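Undergrad: Could you work out the structure for the sequence below:
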Amino acid sequence: MQQTLILLDAEQTQLKQLNQNRQKNTSELAEKRTALIKKQSQLETDENALNSQLIQLSQQLRSLQVQLPPPLLASWQSIGDLDNESLDANEKLQIALKMLGQLADFQNRISIHEMAISNSEGKEIWVKQLYLGAAQAWFVSNDLSYAGIGFPSELGWQWQFDTEIDGEQIAHGIAVQEKNKQLTGLPCLYLAMQLRS
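TA: Numbering: from 1, shown residues only. The predicted model follows:
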């Protein structure tokens, strides 16, 4: 009988230990579950904030798009559409970052492009354009008979023919750039000042 009591006592101790372990495991699981719920809640909050910021960024990029020079606008349109509902937040963010990267790149270089623009009589004239960043440009026709400036406006990028602008200087600037000569610092500033006068 004493042996039975000892065995029962040992069994009871073992059951208490098992019960304590189970309670400890249940408590650890509850803590992990609480931590996961907090983490999920934080992720949802972060995702909502990202979506809100993406909406703001998309609106700003859309309003800026109107004022972009034609070559940069074409590049942006080839990247993707921020209004596409099938894109997730990460894809929209990638598109926005590419757009901003292209804007920064265009803003920090001199670039040459060609296209037809219409004069005041509606005649299309093929011109070469010299962009100094994304906010100013000059153009000249191949025969130097037409020249002018380009600039952003609320109505979009505008081209303005100007008979007082020296087409030869614009053509010279384009020729220098096409020969891959470096125009940095003072020479670039000098060229911009020459073209304005």
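
Undergrad: can you list the weak-confidence ranges in this structure?
TA: Scanning the chain for pLDDT under 70 picks out 180-197.

Undergrad: Now do the strands for it: every range, in order, please.
TA: 110-118, 124-132, 137-141, 147-153, 156-161 (DSSP state E).

Undergrad: Tabulate these in TSV, adding columns for mean neighbour count.
TA: For the C-beta atoms, the positions are set from N, CA and C on the backbone; glycine is no exception. Shown next, in TSV, are the strands of the chain (neighbours: other Cβ atoms under 10 Å):
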stretch	mean neighbour count
strand 110-118	15
strand 124-132	20
strand 137-141	24
strand 147-153	18
strand 156-161	15
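
Undergrad: Buried residues, stretch 50-62. List them.
TA: 54, 57, 58, 61 (16 or more other Cβ atoms under 10 Å).

Undergrad: picking that back up, possible to save the strands of the chain as a markdown table with distance to residue 77?
TA: A markdown table is the format used below for the strands of the chain (distance: least, Cβ to Cβ, whole Å):
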| stretch | distance to residue 77 |
| --- | --- |
| strand 110-118 | 15 |
| strand 124-132 | 17 |
| strand 137-141 | 19 |
| strand 147-153 | 17 |
| strand 156-161 | 14 |
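
Undergrad: Which one of those lies nearest to residue 31?
TA: Ranking the strands of the chain by proximity to residue 31 (Cβ to Cβ) places strand 147-153 first, at 57.3 Å.
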